[in-house]
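Student: Generate a structure from the sequence data that follows.
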Amino acid sequence: MALRPKAYAASGERRRVQIKFDEFERLRKNDLNIESSPDMAALKTRLLKVDNRQIRRSKVMSTPKIIVLPLSI
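Tutor: Alright, predicted model coming up:
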């Protein structure tokens, strides 16, 4: 469950992080009758408080290098 919100947080989409956690909490509570764990609440809080400078720095550091070679027929 946490992969998608982590990806949204890394790209600066805090609103989408909130939406995914709300959907997950609603599913757990309504369909499974389970309360969210403290770990999930802590993860949500941490992802929603990500500093934009950290996001930019992590995006720059993790940018893959791709080389496009010409196709010869």
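
Student: Tell me how many other residues crowd the closest residue to Arg28 other than its chain neighbours.
Tutor: Leaving aside its sequence neighbours, Arg28 sits nearest to Ile34 (Cβ to Cβ, 6 or more residues apart in numbering; 4.7 Å). (Each C-beta comes from the backbone N, C-alpha and C, glycine too.) Residue neighbour count, defined by other Cβ atoms under 10 Å, stands at 11 for Ile34.

Student: With the one 4 residues further on instead?
Tutor: Other residues within reach of Pro38 by the criterion other Cβ under 10 Å amount to 8.

Student: for the residue nearest to Arg28, helix, strand, or coil?
Tutor: Assigned by DSSP: H, G, I helix; E, B strand; the rest coil, the conformation of Ile34 is coil.

Student: Give the burial count for Gln18, as a bare number.
Tutor: Gln18, neighbours per other Cβ under 10 Å, totals 15.

Student: low pLDDT regions in the chain?
Tutor: By pLDDT under 70, the low-scoring segments of the chain are 1, 50-69, 73.

Student: Regarding it, what is its longest helix?
Tutor: The longest helix of the chain (DSSP state H) is helix 14-26.

Student: list the buried ones in that one?
Tutor: For helix 14-26, the buried set under the neighbour-count rule, 16 or more other Cβ atoms under 10 Å, comprises Arg14, Val17, Lys20, Phe21, Phe24, Glu25.

Student: In TSV: those residues, plus distance to Lys49.
Tutor: Below are the buried residues of helix 14-26 laid out as TSV (distance: Cβ to Cβ, whole Å):
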residue	distance to Lys49
Arg14	9
Val17	10
Lys20	16
Phe21	13
Phe24	18
Glu25	18
